[in-house]
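*Asks:* need a structure here:
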Amino acid sequence: MATARELIAGSGLPLLEARMLLERALDVGRAWLIAHDGEALPDDRAAVFRDWARRRGNGEPMAYLLGEREFMGHDFQVSPAVLIPRPETELLVETALEHLRGRATPRVLDLGTGSGAIAVSIALARPDAAVQATDLSAEALAVAAANASRLGAAVTFARGDWYGALNGAAPAPTYDVIVSNPPYIAAADPHLSQGDLRHEPPLALTDRADGLEALRAIVRGAPAWLKPGGALWMEHGWDQAARVRDLLHAAGFARVESRRDLAGIERISGGYL
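*Replies:* Numbering: from 1, shown residues only. Okay, the predicted model is just below:
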């Protein structure tokens, strides 16, 4: 039987990662692990840790191994069926909430919701909002619905391709804001074969074209689904802001702008009807 100290030392992982995985394998906190690091651990739990350490060593994301990722102060369950929520996407949520300030019982549409991090975060911050979230993947919607239920967020989910998920209803200006973090990596981008992206669902990462196909579809369809004065905000790639602004201008949006994340990158762009 191995001790925690021995398992961590033999894992080949950075100390923080090894501790996080062992805490999850044992279902204990950091203080317990440190206080008992010389105690022999159950063989079955040690086997789980060794398997996770091997997978992490092969590049599998920590979020998938731990089964969760923090976003907007909430812990979201994640699986290989969904994109891992990233801190820079919080800018999209914050901007949507800014637009909703002062609007009573607003309606929100999140296209391509994935884990539900965006829709659920908005619903938790604005319990009076009617939040609709869509995704093409049934597996992703299951994860999103579980997150909404566990966190107590009122979100309605629908399956389909962008606006096609809205049950074929006749277009009507019903939403105060539409948000989306769509696939925007070009098919030929070498980053798709590097780092965490190797393990994330391709459908959530790339449009299998130039990286703008999903953004074009979302911009093209938005005016039919927004109220007068409504807003569309989308996340995009580090070098796509100017082209997304052009798309918004061409679709008739006003007050078009891009906003920078904490790294200074133009991360989201949007406009208003």
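*Asks:* that's a strand at Gln132, yeah?
*Replies:* Yes. Secondary structure of Gln132 (DSSP: H, G, I helix; E, B strand; the rest coil): part of a strand.
*Asks:* So what pairs up with it in the strands?
*Replies:* Beta bridges link Gln132 to Leu109, Thr156, judged by DSSP bridges.
*Asks:* what's the average pLDDT for the biggest strand by length in the chain?
*Replies:* Criterion DSSP state E: the longest strand present in the chain is strand 226-235. Strand 226-235 carries an average pLDDT of 96.
*Asks:* Contacts for the following helix or strand past that strand next, please.
*Replies:* Where DSSP states H and E defines the elements, the next helix or strand beyond strand 226-235 is helix 241-250. Residues outside helix 241-250 that contact it (Cβ atoms under 8 Å, 6 or more residues apart in numbering) are 212, 215-216, 219, 232, 234, 236, 256-258, 266, 269-271. Bear in mind the C-beta positions are built from the backbone N, C-alpha and C, glycine included.
*Asks:* Could you rerun that using 7 Å?
*Replies:* 212, 215-216, 219, 234, 236, 256, 258, 266, 269, 271 (Cβ atoms under 7 Å, 6 or more residues apart in numbering).
*Asks:* would you list every one of the strands in the stretch 151-273 of the chain?
*Replies:* Using DSSP state E, counting those that start in this stretch, the strands of the stretch 151-273 of the chain run over 155-159, 175-180, 226-235, 254-260, 266-272.
*Asks:* Can you tell me the strand partners of the third one and which way each runs?
*Replies:* When pairing is defined by DSSP bridges, strand 226-235 lines up against strand 175-180 (parallel), strand 266-272 (antiparallel).
*Asks:* can you redo these as CSV with mean neighbour count and distance to Gly38?
*Replies:* As requested, those are exported to CSV (neighbours: other Cβ atoms under 10 Å; distance: least, Cβ to Cβ, whole Å):
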stretch, mean neighbour count, distance to Gly38
strand 175-180, 25, 50
strand 266-272, 23, 46
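*Asks:* Can you say which of those is nearest to Glu70?
*Replies:* Glu70 lies closest to strand 266-272 among those, at 18.5 Å (Cβ to Cβ).
*Asks:* Between strand 254-260 and the closest one, find me the angle.
*Replies:* 160 degrees (axes from the mean of the first three to the mean of the last three Cα atoms, to 10 degrees).
*Asks:* between strand 266-272 and helix 241-250, what angle do the directions make?
*Replies:* 10 degrees.
*Asks:* from the chain's centre, how far out does strand 266-272 sit?
*Replies:* Centroid separation between strand 266-272 and its chain, computed with Cα atoms, centre = their mean, to the nearest Å, is 17 Å.
*Asks:* can you list the residues that contact that strand?
*Replies:* By Cβ under 7 Å, 6+ apart, strand 266-272 touches 88, 91-92, 95, 229, 231-236, 241, 244-245, 248, 253-261.
*Asks:* Specify the stretch among the strands paired with strand 226-235 that is closest to Pro190.
*Replies:* Among the strands paired with strand 226-235, the nearest to Pro190 by Cβ to Cβ is strand 266-272 (20.8 Å).
*Asks:* neighbours around Ala204, how many?
*Replies:* For Ala204, the tally of surrounding residues (other Cβ atoms under 10 Å) stands at 21.
*Asks:* next one: Asp196
*Replies:* The number of residues packed near Asp196 is 16, by other Cβ under 10 Å.
*Asks:* What is the burial count for the closest residue to it other than its chain neighbours?
*Replies:* Sequence neighbours aside, Pro61 is the residue nearest to Asp196 in space, at 4.4 Å (criterion: Cβ to Cβ, 6 or more residues apart in numbering). Pro61: 19 surrounding residues under other Cβ under 10 Å.
*Asks:* With Arg54 instead?
*Replies:* Arg54: 13 neighbours (other Cβ under 10 Å).
*Asks:* Quickly find the element holding it.
*Replies:* Using DSSP H and E, Arg54 falls in helix 43-57.
*Asks:* So which bits of that helix are buried?
*Replies:* By 16 or more other Cβ atoms under 10 Å, the buried positions in helix 43-57 come out as 45-46, 48-50, 52-53, 56.
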